[in-house]
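1. the sequence and its predicted three-dimensional model are supplied below.
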Amino acid sequence: MGRGKRGSGEDANEDVSAVSGGADERNKPAASVVAAPAKKERVAPAVDGDLAYRNELLPLEEIYVAAGIVSPRRGYTIKKVMEMLRSEYLSALSKEMRRASVMMALDAAGISVDEVLRDAQVRLEAINSYEAEQKKLCEAEWARKAEEHAQLKEELEQVRARFMGRMKQTLDGIARDRARFGSWLTTMHEESQSITEAAELCLKVASPPAVASVAPAAAEAKEARIKVV
């Protein structure tokens, strides 16, 4: 193991432990800002005449592929370093010992720390760019759905108000009919009572045949009046 390479690794130790710091600006790729992949839409079955929307979020590996990130020589990416740090051999070690182990592995493979850091840089940029794009799309869709919800709520209130108005008209009509029928029924009872009273007066002065013919009718009218009342 060469001393020169070991020195280069030790100078960048803190960069490995904090990958988000990135490499030197001069070592960044020309196209450092990667474009987010095209939006995919998954259309669900129709629900009440509307199509449910759900944005299909890509897995990490597909995000990297869409961003044009390819594995460097010998496969030593920042993900390789992540795998090393999660291994059972290094996970139980202290932070300094894990850093030293990673530096030794990179040195043995002839991989510079800057190369690994550049890979970390572009992957972070791909993730952040895709996240920002998807957040923008989702928030726009959520805003549209919220507006649609407000419109549906307004329509529901309008329908409710219309049906409440119709229900009130029905109840008001029933009340008017009851009042009209009650007034008519009172008139009928008064008429029936008047007829009965007149018939009873006539019975006292009528001849026996007339009494026999009027009495049943008067009795029936009186009984009907009692039932109605």
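-> On my side now, so go ahead. Numbering: from 1, shown residues only.

2. burial measure for the closest residue to Ile63 other than its chain neighbours, as a count.
-> Nearest residue to Ile63, sequence neighbours excluded (CB to CB, 6 or more residues apart in numbering): Tyr130, at 5.0 Å. All C-beta atoms are positioned from the backbone trio N, CA, C, and that covers glycine. By other CB atoms under 10 Å, 22 other residues sit near Tyr130.

3. doesn't Val65 make contact with Tyr130?
-> No: look at Tyr130 against Val65 with CB atoms under 8 Å: they stay out of range, at 11.5 Å.

4. summarise which helices and strands the longest helix anywhere in the chain is packed against.
-> Using DSSP state H, we find that the single longest helix of the chain is helix 113-205. Helix 113-205 makes packing contacts with helix 13-17, strand 50-55, helix 60-66, helix 78-86, helix 95-109, helix 208-228 when contacts are defined by 3 or more CB pairs under 8 Å, 6 or more residues apart in numbering; DSSP states H and E.

5. Ala126: how many residues sit nearby?
-> Residues near Ala126, counting by other CB under 10 Å: 23.

6. you'd agree it is up against Ile63?
-> Yes: Ala126 lies in contact with Ile63 (CB under 8 Å); the separation is 5.7 Å.

7. can you list the domains in the protein?
-> In terms of domains, the chain is parsed into 3-142, 179-228 (source: automatic domain parsing).

8. quick check: mean pLDDT of the first one?
-> Meaning domain 3-142. The pLDDT scores in domain 3-142 average 71.

9. stretch 166-185 too?
-> On average, stretch 166-185 scores 95.

10. how about it: buried residues?
-> The neighbour-count check on stretch 166-185 (16 or more other CB atoms under 10 Å) flags nothing as buried.

11. start the count at 275 instead of 1 going forward.
-> Okay, using 275 as the starting number, the last item reads as stretch 440-459.

12. may I have that stretch as CSV, with CA atoms only?
-> Extracted C-alpha coordinates of stretch 440-459, given in CSV (Å, rounded to 0.1, in the frame of the first residue of the first chain):
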residue,chain,number,x,y,z
ARG,A,440,-89.0,20.6,-1.5
MET,A,441,-89.5,18.8,1.8
LYS,A,442,-90.7,22.1,3.4
GLN,A,443,-93.1,22.7,0.5
THR,A,444,-94.5,19.2,1.1
LEU,A,445,-95.0,19.7,4.8
ASP,A,446,-96.6,23.1,4.2
GLY,A,447,-98.9,21.6,1.6
ILE,A,448,-99.9,18.9,4.2
ALA,A,449,-100.6,21.6,6.8
ARG,A,450,-102.7,23.6,4.3
ASP,A,451,-104.7,20.5,3.4
ARG,A,452,-105.3,19.6,7.0
ALA,A,453,-106.5,23.1,7.8
ARG,A,454,-108.8,23.1,4.7
PHE,A,455,-110.2,19.7,5.5
GLY,A,456,-110.7,20.7,9.2
SER,A,457,-112.7,23.8,8.1
TRP,A,458,-114.8,21.7,5.7
LEU,A,459,-115.4,19.1,8.3
